[in-house]
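>>> Got a predicted model here, sequence first, then my questions.
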Protein chains: 2
Amino acid sequence: MRLLFALSAGGILLAVSGLACAEDDLLTKAKALFQPIPEKVAEVSGKKIDEKQVALGHKLFFDPRLSKSHVFSCNSCHNVGTGGADNLPFSCGHGWENGARNSPTVFNAVFNVAQFWDGRAADLATQARGPIENPVEMGNTAENAVRTLKSIPQYVEEFKESFPKEKDSITLDTITQAIGAYETRLITPDAPFDKYLRGDQNALTVRQKEGLKTFMDANCVMCHNGINVGGQAYFPFGLRKKPEADLLPAGDEGRFEVTKTDTDEYVFRAAPLRNVALTAPYFHSGQVWNLQQTVSIMGDTQLAKTLTDKESAAIVEFLGSLTGRQPEVEYPILPPSTKDTPNPIFD
Amino acid sequence: MRLLFALSAGGILLAVSGLACAEDDLLTKAKALFQPIPEKVAEVSGKKIDEKQVALGHKLFFDPRLSKSHVFSCNSCHNVGTGGADNLPFSCGHGWENGARNSPTVFNAVFNVAQFWDGRAADLATQARGPIENPVEMGNTAENAVRTLKSIPQYVEEFKESFPKEKDSITLDTITQAIGAYETRLITPDAPFDKYLRGDQNALTVRQKEGLKTFMDANCVMCHNGINVGGQAYFPFGLRKKPEADLLPAGDEGRFEVTKTDTDEYVFRAAPLRNVALTAPYFHSGQVWNLQQTVSIMGDTQLAKTLTDKESAAIVEFLGSLTGRQPEVEYPILPPSTKDTPNPIFD
């Protein structure tokens, strides 16, 4: 009886030790594939982030006067209170028109290889130009946006201080540089997954670890890796099986429209999955609201793999661990318009 | 020579002393007509403001899911970064439709006798019901707004804690009560004029005091008095002379639509003038962008008085002293939707 007990206890010890090994192994593999979000971004491409530009960009990010109607600000579609996106299939823009693709989150966007679903903007500043001039977004012209800001003395002053080397300190270029500088502050460190990557094995639940293992074993990590668990490279949507037409509308050929290269047909930047639990609906087509269904569709179309309900549910648990500390944002007091400020235009 | 000097110095002393008397007199008159904005509102109509309701209302104020499209929040038209209003002639609402009247500022609204241009809502909570169900504002139904919030566990919890005595804690009534509670925090104390009313005669410039004197002498204070320099009572727009049709469109009969009383035809609540320098364009019809022109029109239509350029400019200087300390607002992190949350509807 005593012997039996001893043997049995030994078995448990072995099992526990095996489990610890497996746990260490999981963490080692994860560390090789992913990196944690840092507490702060001090520089981008070797260029130090300028605090004056950040403060100016903070105002501009919330200023609806960048839009022709004075209705939409950057925050309208990249709402800092709802995961940095707008939780709409397509954003609502000038004239109640809809954008063509689902609005990606601004949070942690600084860590993406490039901006937009098709990567057509190399960096945050370049991205910010798009919506200002897009007729179904802010519907403005660069000329009118510049004229608007130049009519506001406090902005004139702040641009001068933020861009002291520029002869003409308010241009579409400096406007979007300031917005881009501010957006480097919109990052979400300290997600459970970040703590895990830093070595705290208790930061993830058992189910989240199961999900992480499934996520790696099923090869989701082929596309979704790095600091943003995606956002690093381009892949065809429908790598193994063409998605339904509502998910992949024929008219939107993705990166092909940027590169005009046949192999880029229906190619998109792998979605960065940080805070993905907050940013439904999913895909560039914004047609799926349920995250587990989204995971299943990905398995099907990208990996030719029918994930079991248990597997996709576990992956969803893991994805929940990517929700980080949301940025604390003070609502900026915007400098008032003057008699020279162009009036809003509705048309 | 010495005598002459003594006489002359005596004359100066007399003049200075007369000036000081006039200054004291101005302050005494002002104190009789106006009151400063307090640092905090602790209760309304004898009811203590509940801090849990304030915290909940803070989220609701910024939550676009109160609108049918999930595009508009209270803050869309009552932007805390732009004087608590939207600086549009008429707000932009569901389907790119326009509201019928210029959006009044939410700042210090708690001090108005009643809400809306026609005073049809007795208090802030009652006001907040309007836009949610207005087809050209949030375009929602009470039922859908309630269903939306009930689908979000964090809201369910917060409503329970904020309204512990209610059997059904999420109703249009509690939603708007919470928003109303939050709005009592959106006040702007410490304007130069408040400091002046508290006895600091240096808080106003010489020009602002000139403007204050003109404002009182011309009898603007007949309607614009009290803590909000207006907002306390109802008066016909066009008391002495009918305004142009673009300023007073025939189709909008003001308070008559509320009371159906003949004497209320084209009657409106006197505009509260706190932060008025930040809230162009002016009038319920939102057609005048220039504050000095607005002042002239008021003199003309309400007082049958042609103000000189010097007088109207001085009044504008005084009105600038009504810009208070804008509220520090943190952007709230909104609780995420769930599979039960109704999808946004564009139509």
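Happy to help now that I have it. Residues are numbered from 1 along each chain as shown, chains lettered A, B, ... in the order given.

>>> I'd assumed A:Pro89 was in contact with A:Asn102.
Yes: counting by Cβ atoms under 8 Å, A:Asn102 does reach A:Pro89; the two are 6.3 Å apart. From N, CA and C alone the C-beta is placed, and that goes for glycine too.

>>> Please list the residues of chain A that sit near chain B.
A:62-64, A:69-71, A:76, A:79-83, A:86-89, A:92, A:95-96, A:98, A:277-278, A:280, A:289-290, A:326, A:328-334, A:336-337, A:339, A:343-344, A:346 (Cβ under 8 Å from any Cβ of the partner chain).

>>> Write a ChimeraX command that selects only the buried members of those residues.
Selecting only the buried entries of the residues of chain A next to chain B in ChimeraX, with 16 or more other Cβ atoms under 10 Å in any protein chain shown as the criterion:
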select /A:62,63,64,69,70,71,76,79,80,81,82,83,86,87,88,89,92,96,277,278,280,289,326,329,331,332,333,334,336,337,344,346
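
>>> residue of the stretch 51-200 of chain A with the smallest distance to chain B?
Relative to chain B, the nearest point of the stretch 51-200 of chain A is A:Trp96 (3.7 Å; Cβ to the nearest Cβ).

>>> Pull up the overlap in contacts between A:Asn102 and A:Pro89.
A:281, A:285-286 (Cβ atoms under 8 Å, 6 or more residues apart in numbering or on different chains).

>>> out of those, who's nearest chain B?
Closest approach between the shared contacts of A:Asn102 and A:Pro89 and chain B, by Cβ to the nearest Cβ: A:Pro281, at 8.2 Å.

>>> quick one, what contacts the residue lying closest to that closest one once chain neighbours are set aside?
Nearest in space to A:Pro281, with sequence neighbours left out and distances taken as Cβ to Cβ, 6 or more residues apart in numbering or on different chains, is A:Trp289 at 4.7 Å. Contact analysis of A:Trp289 by Cβ under 8 Å, 6+ apart lists A:280-282, B:339, B:343.

>>> tell me the phi and psi of A:Trp289?
Torsion angles at A:Trp289 (phi, psi; degrees, to the nearest 10) stand at phi -90, psi -20.

>>> Could you do A:Gly231 as well?
Per-residue torsions, A:Gly231: phi 80, psi 10 (degrees, to the nearest 10).

>>> Share the number of residues neighbouring it, please.
Using other Cβ atoms under 10 Å in any protein chain shown, A:Gly231 has 25 neighbouring residues.

>>> For the residue lying closest to it once chain neighbours are set aside, give me the pLDDT.
Leaving aside its chain neighbours, A:Gly231 sits nearest to A:Pro272 (3.2 Å; criterion: Cβ to Cβ, 6+ apart). With respect to pLDDT, A:Pro272 has a value of 98.

>>> so A:Pro272 sits in a strand?
No: secondary structure assignment (DSSP: H, G, I helix; E, B strand; the rest coil) places A:Pro272 in coil, not in a strand.

>>> Going by residue numbers, what spans are strands in the stretch 201-347 of chain A?
In the stretch 201-347 of chain A, the strands defined using DSSP state E, counting those that start in this stretch lie at A:234-236, A:267-269.

>>> ok now the last one, how far from the chain's centre?
The one in question is strand A:267-269. Relative to its chain's centre, strand A:267-269 lies at 14 Å (Cα atoms, centre = their mean, to the nearest Å).

>>> again, but for the first one
The chain centre lies 17 Å from the centre of strand A:234-236; the measure is Cα atoms, centre = their mean.
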